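Participant: Okay, predicted coordinates and the sequence, questions at the end:
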Amino acid sequence: MPFAAALLIAFVASAPPTVWTDADPKARPLVAVPGVAPLVARAEPAVLVVFAEGVAPGAALPPGHPPLPEGPGNGGGRGQGAGFLISKDGYALTNHHVVEGATRVAVFVGADHTEVEVEVVGSDERADVALLKLRSSRTDWPTVALADSDAVKVGDFVVAIGSPFGLEQSVSLGIVSARGRRDIAPSGRQGLYDFLQTDASINPGNSGGPLLDVYGAVVGINAAVNAAGNGIGFAIPVNMVKRMLPSLVARGRYERSWIGVSIADVSADLAPGLGLRGPQGALVREVVAGGPADQAGLQPGDVITAFGGRPVRDASELPLLASDAGVGATVSLDVVRDRKPGQRRVTLGSHPDNAKATVVAATPAPSAKQPADASLGFSVASLDGADRARLGLPREAAGARVTRVRPGSAAMLAGLDVDDVVVDVNGATIADADGLAAVVRALPTGDLVKVTVLREGNRVFCALKKP
């Protein structure tokens with residue numbers, strides 16, 4: 001055998017066996033799975049990275065998310081979230097909690113890292129919505145359209161865009177997991193929520209960003225997470241935001257309407273005795289004296305089963321319906337009283353919160369003194385002339401105005417609220433913030449702290465233990 005042939009036979013014999021097959025580059029897909037790249041390409045230029053300066057570290061985390069450790073990008077008084085442009089002249093939306101307490105707000109637009117300063121035009125804490133306006137003469141900003149969030153179905157695909165953990169313009173895909181989530185209070189913050197639930201990843205930095213449908217239109221504003229579970233995020237339905245926008249533009253706040261009742265759910269045990277077929281409606285526990293419901297003749301023990309022709313399935317639904325109906329609107333209520341159905345017409349009033357609602361974002365935060373034992377969970381500032389005028393107090397009124405109540409704190413559980421004016425603690429008259437701090441500091445651990453506050457013209461008693 002020639003030498004060359006023998007060498008070839010030896011080489012072939014020693015070649016490794018083939019253990020895979022290369023894919024055919026010309027093969028057609030067996031399953032048609034559309035990507036979201038075209039959707040992202042259209043929407044991404046209108047998505048904002050929002051920087052809020054002067055806020056406490058961690059303030060722009062999604063409500064419900066645990067604090068991040070201190071480190072680059074997580075401290076320094078600069079919070080970060082997301083937002084999106086809705087008009088060519090520079091109006092944009094984000095969350096209230098992203099810009100809350102900020103002294104300066106700026107944004108990046110899309111992939112452009114040119115910083116643009118922003119004015120906070122209006123803000124609403126109860127719905128966690130803020131309206132921004134880019135400070136620019138440009139009138140051709142990229143925008144995203146607002147969808148009809150009432151048409152969204154459980155199981156619909158959605159896409160979230162934001163800057164989780166500072167990773168700008170990150171995209172996540174999921175579905176709408178549930179609708180009408182009203183029975184949650186992210187981070188203990190009470191509000192008027194009607195969340196869309198999604199398993200599209202929402203993390204710190206996604207707050208305020210868009211939740212998009214498959215057409216690239218916004219169905220919600222990403223707002224909150226459930227820190228105890230992966231794949232459970234919440235977005236504010238955009239139809240709620242649409243109803244708020246005219247008021248935010250015109251007045252800087254959203255003016256809610258009000259019935260003037262305290263309500264509770266109707267349990268299955270109570271329903272038969274109230275004349276109902278099952279647990280439904282809102283059971284009236286208290287009627288505010290002189291309020292709209294009182295003037296309409298509602299009484300404790302009534303069950304409101306419909307508002308303006310819309311069924312009230314549970315107590316959490318009524319405040320949402322009532323707050324959006326409009327101050328001065330006259331609405332028909334279906335009411336069951338003493339097992340007998342009937343109707344009442346009520347002219348809605350202005351919610352008491354409207355009197356104290358202000359745009360707190362992008363304005364210098366008032367100087368506040370913390371009580372000596374911060375674990376009580378509230379901050380105060382000495383009452384001044386502007387406070388007296390805004391709260392309708394006489395010139396001689398003195399005390400310490402509550403500026404913040406920490407979610408989940410003893411103060412919150414005792415019923416203290418922002419703009420309460422502390423006038424007495426354990427029998428000691430409180431003249432200012434320093435006086436309150438001194439009294440609290442002097443109390444032994446475990447003592448009962450009996451606090452009397454002025455609230456909307458009434459004296460209200462709250463009690464809590466000093467930890």
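Facilitator: Looks like it arrived, so ask away. What you see is a predicted model, and the numbers here were worked out from it, not measured in a lab. Residues are numbered from 1 along each chain as shown.
Participant: Going along the chain, name the strands of the stretch 251-400 of the chain.
Facilitator: 257-258, 261-265, 282-287, 303-307, 310-311, 330-337, 340-347, 349-350, 378-382, 400-405 (DSSP state E, counting those that start in this stretch).
Participant: Where does the prediction get shaky in the stretch 51-200 of the chain?
Facilitator: Applying pLDDT under 70 to the stretch 51-200 of the chain flags the ranges 54-78, 185-190.
Participant: Let me see the ranges of the strands in it.
Facilitator: 78-85, 91-94, 104-109, 112-124, 129-134, 157-162, 170-181, 195-198.
Participant: Which among those is found nearest to Arg388?
Facilitator: Of all the strands of the stretch 51-200 of the chain, it is strand 112-124 that lies closest to Arg388, at 23.8 Å by CB to CB. For glycine as for every other residue, the C-beta is placed from the backbone atoms N, C-alpha and C.
Participant: Just name whatever secondary elements the closest one is in contact with.
Facilitator: Applying 3 or more CB pairs under 8 Å, 6 or more residues apart in numbering; DSSP states H and E, we find strand 112-124 packed against helix 96-99, strand 104-109, strand 129-134, helix 238-251.
Participant: Tell me where the protein has helices.
Facilitator: For the chain, the helices defined by DSSP state H cover 3-14, 37-43, 96-99, 238-251, 271-274, 292-296, 317-324, 353-356, 385-391, 410-414, 433-442.
Participant: Who are the contact partners of Leu283?
Facilitator: Counting by CB atoms under 8 Å, 6 or more residues apart in numbering, Leu283 makes contact with 263-266, 270, 274, 301-303, 315.
Participant: can you list the domain ranges for the protein.
Facilitator: Per automatic domain parsing, the domain ranges recorded for the chain read 40-66+74-253, 257-350, 367-465.
Participant: Distance from the longest one to the middle of the chain?
Facilitator: Distance of domain 40-66+74-253 from its chain centroid, counting by CA atoms, centre = their mean, to the nearest Å, is 10 Å.
Participant: thinking again about what came up before, including distance to Pro17 and mean neighbour count, could the strands of the stretch 51-200 of the chain go into a markdown table?
Facilitator: Putting those into a markdown table (distance: least, CB to CB, whole Å; neighbours: other CB atoms under 10 Å) gives the following:
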| stretch | distance to Pro17 | mean neighbour count |
| --- | --- | --- |
| strand 78-85 | 53 | 26 |
| strand 91-94 | 59 | 26 |
| strand 104-109 | 54 | 21 |
| strand 112-124 | 53 | 17 |
| strand 129-134 | 63 | 25 |
| strand 157-162 | 44 | 24 |
| strand 170-181 | 40 | 18 |
| strand 195-198 | 48 | 25 |
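Participant: Indicate which one of those is closest to Pro352.
Facilitator: Evaluated over those, closeness to Pro352 peaks at strand 112-124, with 15.1 Å, by CB to CB.
Participant: tell me the angle that closest one makes with strand 78-85.
Facilitator: Strand 112-124 and strand 78-85 are oriented at 90 degrees to each other (axes from the mean of the first three to the mean of the last three CA atoms, to 10 degrees).
Participant: can you list contacts of strand 112-124?
Facilitator: If you take CB under 8 Å, 6+ apart as the criterion, strand 112-124 is touched by 50-51, 91-92, 96, 99-100, 102, 104-109, 129-136, 244, 247-249, 251-254, 357, 359-363.
Participant: who does it pair up with?
Facilitator: Strand 112-124 pairs in its sheet with strand 104-109 (antiparallel), strand 129-134 (antiparallel), by DSSP bridges.
Participant: got the CA coordinates for that strand in PDB?
Facilitator: Only the C-alpha atoms of strand 112-124 are listed here, as PDB (Å, rounded to 0.1, in the frame of the first residue of the first chain):
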ATOM      1  CA  ASP A 112     -30.400  60.000  24.800                       C
ATOM      2  CA  HIS A 113     -28.400  60.800  27.900                       C
ATOM      3  CA  THR A 114     -28.900  64.600  27.600                       C
ATOM      4  CA  GLU A 115     -30.400  65.700  30.900                       C
ATOM      5  CA  VAL A 116     -33.600  67.600  30.600                       C
ATOM      6  CA  GLU A 117     -35.100  69.500  33.600                       C
ATOM      7  CA  VAL A 118     -38.700  68.800  34.400                       C
ATOM      8  CA  GLU A 119     -41.500  70.700  36.200                       C
ATOM      9  CA  VAL A 120     -43.900  68.700  38.300                       C
ATOM     10  CA  VAL A 121     -47.200  70.100  37.000                       C
ATOM     11  CA  GLY A 122     -49.500  68.000  39.300                       C
ATOM     12  CA  SER A 123     -49.400  65.100  41.600                       C
ATOM     13  CA  ASP A 124     -51.800  62.900  43.500                       C
END
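Participant: quick one, what contacts the residue nearest to the spatial centre of the chain?
Facilitator: Most central in the chain under CA atoms, centre = their mean is Asp128, positioned 3.2 Å from the mean C-alpha point. Contact analysis of Asp128 by CB under 8 Å, 6+ apart lists 63, 95-97, 189, 191, 193, 223-224, 236.
Participant: who does the closest residue to Val336 other than its chain neighbours bridge with?
Facilitator: Nearest residue to Val336, sequence neighbours excluded (CB to CB, 6 or more residues apart in numbering): Val303, at 4.4 Å. Counting by DSSP bridges, Val303 is bridged to Leu283, Val336.
Participant: for Val303, what are its contacts?
Facilitator: So Val303 contacts 266, 274-276, 281-284, 335-337 (CB under 8 Å, 6+ apart).
Participant: Counting neighbours, what do you get for the closest residue to Pro164 other than its chain neighbours?
Facilitator: Once flanking residues are discounted, Pro164 sits nearest to Asn203: 3.6 Å by CB to CB, 6+ apart. By the criterion of other CB atoms under 10 Å, Asn203 has 20 neighbours.
Participant: So Asn203 is in contact with Ser163, correct?
Facilitator: No. With contact taken as CB atoms under 8 Å, Asn203 and Ser163 are classed as non-touching, separated by 9.3 Å.
Participant: re earlier: just the contacts of Asp128 now: which is nearest Gln169?
Facilitator: Ranked by distance to Gln169 (CB to CB), these are led by Asn95 at 17.7 Å.
Participant: do you know how far the nearest residue to the closest one once chain neighbours are set aside is from Gly191?
Facilitator: Spatial nearest neighbour of Asn95, chain neighbours left out: Gly208 (4.2 Å); criterion: CB to CB, 6+ apart. Going from Gly208 to Gly191 by CB to CB, to the nearest Å gives 15 Å.
Participant: picking up where we left off before, could I get the strands of the stretch 51-200 of the chain as TSV with distance to Pro292?
Facilitator: Shown next, in TSV, are the strands of the stretch 51-200 of the chain (distance: least, CB to CB, whole Å):
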stretch	distance to Pro292
strand 78-85	36
strand 91-94	31
strand 104-109	37
strand 112-124	21
strand 129-134	25
strand 157-162	38
strand 170-181	25
strand 195-198	27
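Participant: and of the ones you listed, who's closest to Asp387?
Facilitator: Closest approach to Asp387 among those (CB to CB): strand 112-124, 19.6 Å.
Participant: Read off the pLDDT value for the residue lying closest to Ala397 once chain neighbours are set aside.
Facilitator: Distances taken as CB to CB, 6+ apart place Arg388 nearest to Ala397, at 5.6 Å, with adjacent residues excluded. Arg388 is assigned a predicted lDDT (pLDDT) of 85.
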